[in-house]
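Enquirer: using only what follows, build the 3D model:
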Amino acid sequence: MGVYSERYRRSITDPEGFWGDAAKALTWYEEPARVLDDTRAPFYRWFSDGSLNTCHNALDRHVAAGHGDRTALIHDSPVTGTRAAYSYAGLQRLTARFAGVLRGLGVGRGDRVVLYMPMIPEAVVAMLACARLGAVHSVVFGGFAPRELALRIDDARPKVVVSASCGIEGTRVIPYKPLLDQALLLARSVPDASVIVQRPELHAELSPRDLDWDDAMASAAPADCVPLAATDPLYILYTSGTTGRPKGVVRDNGGHAVALTWSMAHVYDIGPGDVWWAASDVGWVVGHSYIVYAPLLAGATTVLYEGKPVGTPDAGAFWRVIAEHGVKALLTAPTALRAIKKLDPHAELMAGHDLTRFRCLFLAGERLDPDTYDWARSVLGVPVIDNWWQTETGWPIAANPRGLEPMPVKPGSPTVPMPGYDLRILDAEGRERPAGEEGAIALRLPLPPGTLTTLWGDDDRYVDSYLSRFPGHYLTGDGGYRDEDGYVFVMGRMDDVINIAGHRLSTGAMEEVVAAHPDVAECAVIAVYDALKGEVPRAFVVLKATATRDAAELEAEILRSVRDRIGPIAALRDVTVVAALPKTRSGKILRASMRDIANGRDATPPATIDDPAVLETLRLALRKENRS
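Expert: Take a look at the predicted model:
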């Protein structure tokens, strides 16, 4: 850990020097003299006297340096059967022209634009065009329910909404325009105009206040980049678990560009000309950070994929994309790997795909269980690297810095804290826990560049939500520990700890044991009420397509494994086989909703639920079970 230790130590003891050096990788209109501004702590700001433009750094500077012919974006859409590639110069021209469209609609610095888009190149163009003008974009996952979209429109108060006639989910065509129209009827704040991309799969009826994307682009004059303060907001992103009033994470321009540029080179080992694929959606933080901004800031080629890991057309889809486009590294969620493993456990669909240019698989978004890690490593034959972060942080809190100093992998750990993240494990009174003992994972302030600066329009809520539990620290909401080597182990959300007869046990540790069973594709362990012990664990499992054991044999083997690995105190008594686990669209298992249902409480699913029918099926099954 020589190089890593030195860089990490400097980032904590000399953050101004560390991040001041990192900022030199960007082009500034006014180079910052003040790196860290603590005059309004806990509202720390980075590069407060600097001026730059994120779009200029993502596109224009590469073109100016003579790299305009390099491929910037590959759009791969198995759901429409289309492929397209865009050079840096071509993407710059499209972005400048759409910035001209927005400028013609009165959009300027500080105005908000809501994007309600599928995974199409126009979504990337619209994000970058907002950044070009200094407008603040807020991307809402395409297909969100009208009420949830209306809540975000009311919170952001956009001048313009950009959308499309439809999105495509597997084999389903989802009309977006009727959803948008209904949201605008529900919203109190109505934008001045909507710009609609008409897709061949479904044309939308346009009203007088709607503009057709192609028509608007044809008549628009290109707009130049606007110099912005580094502290000006770049975007608002609403957290995936939001219920009720939205919680809008705010990211600034300067700190965001510096942190993401550093992370691409040092965490992911991706540089100019490398082909990079983040298999996510532009509606999630992974899409913002690692589909759009980070790879373009680095001068790399980014893959924009409109499809699923399975079903478009089969569980070999990811291998086809990697081979066809020469992908060097992939970032996706463990859920995607588990879906592939469930249908193709021996990776037979990998045959015939040339993966020789593929160097590394990165996983984030959901805890990486050791069984999924072992499977991916064995079938791919490349390093499988976990990294842990949140919507609020925007880039990894803990990772294996492949471009700085690759470290030995410990299954179950995302490795070590990244520079700037002063990670502490705290007990209930805020005291540091020793190595090997679990506690709340907190980050001592200031947070590094690229993390949230506040919540949109509500500084008090930002402090109450994240900074009040342990003064001087940001509370991640996750629990875990660090081992004697400094490796971080994230065991799950703090509310996923089970209290069994006074003993606090992690559901994450139990899930590791359950997931290791050869017939289990994925699982969730939740706490259910018990009159004697307070709480006891219950496991829900999804089986692999090749599973052979009957339910009784499977349950007996899993119970025995948990007893052997964790001990009798775990008190796991019930293993239920289900067809699917309820998840958000980003792949996170809805453990809190499952826990509510299992305990007989009403469970209001979050707006980000992927398939409400899965949760409803579980609800009906448990009600029937309770009645019997």
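
Enquirer: would you map out the domains in this protein?
Expert: Listed by automatic domain parsing, the domain ranges of the chain are 2-307+387-480, 501-627.

Enquirer: ends of the longest one, how far apart?
Expert: The first residue of domain 2-307+387-480 is 25 Å away from its last residue (CA to CA, to the nearest Å).

Enquirer: how far away from the center of its chain is it?
Expert: Domain 2-307+387-480 has its C-alpha centroid displaced from the chain centroid by 10 Å (CA atoms, centre = their mean, to the nearest Å).

Enquirer: Leu91 sits in which helix or strand?
Expert: Leu91 belongs to helix 88-104 when elements are defined using DSSP states H and E.

Enquirer: who touches that helix?
Expert: Contact with helix 88-104 is made by 55, 59-60, 62-63, 67-73, 86, 113, 121-122, 124-126, 128-130, 132-133, 135, 160, 195, 211, 216-217, 220-224, 299, as judged by CB atoms under 8 Å, 6 or more residues apart in numbering. From N, CA and C alone the C-beta is placed, and that goes for glycine too.

Enquirer: sort out for me which of those residues are in helices.
Expert: Taking DSSP state H, the ones among the contacts of helix 88-104 that sit in helices are 55, 62, 121-122, 124-126, 128-130, 132-133, 216-217.

Enquirer: report the two of these separated the most.
Expert: The largest separation in the ones in helices among the contacts of helix 88-104, counting by CB to CB, is between His62 and Ala216 at 26.1 Å.

Enquirer: those two - which one has more neighbours?
Expert: Neighbour totals were compared for His62 and Ala216, and His62 leads with 24 against 19 (other CB atoms under 10 Å).

Enquirer: surely that one and Arg70 touch.
Expert: Yes - here His62 lies in contact with Arg70, judged by CB atoms under 8 Å, at a distance of 7.0 Å.

Enquirer: now for these two: what residues contact both?
Expert: 88, 299.

Enquirer: returning to that earlier point: just the buried residues from the contacts of helix 88-104, in PyMOL please.
Expert: In PyMOL, the members of the contacts of helix 88-104 classed as buried (16 or more other CB atoms under 10 Å) are selected with the following command:
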select buried, resi 55+59+60+62+63+67+68+70+71+72+73+86+113+121+122+124+125+126+128+129+130+132+133+135+160+195+211+216+217+220+222+223+299
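
Enquirer: ok, Val3 - how many residues close by?
Expert: A count of nearby residues for Val3, using other CB under 10 Å, gives 11.

Enquirer: that one: what secondary structure?
Expert: Following DSSP: H, G, I helix; E, B strand; the rest coil, Val3 is assigned to helix.

Enquirer: list the contacts of it.
Expert: 404-405.

Enquirer: how close does it sit to Arg9?
Expert: Val3 is 11 Å from Arg9, where distance means CB to CB, to the nearest Å.

Enquirer: and Glu169, by the same measure?
Expert: Distance of Glu169 to Arg9, computed by CB to CB: 47 Å.

Enquirer: ditto for Arg431
Expert: 23 Å.

Enquirer: so for stretch 597-615, mean pLDDT?
Expert: What stretch 597-615 shows for mean pLDDT is 79.

Enquirer: stretch 512-521 now?
Expert: Stretch 512-521 carries an average pLDDT of 90.

Enquirer: now do stretch 579-586
Expert: 84.

Enquirer: same check, this time on stretch 341-348
Expert: 94.

Enquirer: most packed of the domains of the chain?
Expert: With neighbours taken as mean count of other CB atoms under 10 Å, the domains of the chain reach their highest mean count in domain 2-307+387-480, at a mean of 20.

Enquirer: what mean pLDDT does it get?
Expert: Domain 2-307+387-480 comes out with an average pLDDT of 95.

Enquirer: how about stretch 546-560?
Expert: Averaging pLDDT along stretch 546-560 yields 89.

Enquirer: run through who's touching it.
Expert: So stretch 546-560 is contacted by 345-346, 513-514, 517, 519-520, 539, 541, 543, 572-575, 577 (CB under 8 Å, 6+ apart).

Enquirer: of those residues, which belong to helices?
Expert: 513-514.

Enquirer: rewinding a little: reformat the ones in helices among the contacts of helix 88-104 as a markdown table; add distance to Leu447.
Expert: Formatted as a markdown table, the ones in helices among the contacts of helix 88-104 follow (distance: CB to CB, whole Å):
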| residue | distance to Leu447 |
| --- | --- |
| Cys55 | 24 |
| His62 | 29 |
| Pro121 | 33 |
| Glu122 | 33 |
| Val124 | 27 |
| Val125 | 30 |
| Ala126 | 28 |
| Leu128 | 25 |
| Ala129 | 28 |
| Cys130 | 24 |
| Arg132 | 27 |
| Leu133 | 27 |
| Ala216 | 39 |
| Met217 | 39 |
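
Enquirer: and of those, the nearest to Ala229?
Expert: When the ones in helices among the contacts of helix 88-104 are compared for distance to Ala229 (CB to CB), Leu133 wins out at 14.2 Å.

Enquirer: hmm, Val107 and the closest one touching each other?
Expert: Yes - the pair Leu133 / Val107 is scored as a contact, 6.1 Å apart, by CB under 8 Å.

Enquirer: and Arg595, how far is that from Thr507?
Expert: Counting by CB to CB, the separation of Arg595 from Thr507 is 10 Å.

Enquirer: which neighbours do these two have in common?
Expert: With contacts defined as CB under 8 Å, 6+ apart, the residues shared by Arg595 and Thr507 are 526-527.

Enquirer: what sits against the closest residue in space to Glu31 that isn't next to it in sequence?
Expert: Here the nearest residue to Glu31 in space, its sequence neighbours aside, is Gly50; by CB to CB, 6 or more residues apart in numbering that works out to 6.2 Å. In this structure, Gly50 makes contact with 23, 28, 30-32, 229-230, 254, judged by CB under 8 Å, 6+ apart.

Enquirer: looking at these, which are in strands?
Expert: Using DSSP state E, the subset of the contacts of Gly50 located in strands is Ala229.

Enquirer: of all the contacts of Gly50, which comes closest to Glu535?
Expert: For the contacts of Gly50, the nearest to Glu535 is Gly254 (46.1 Å; CB to CB).
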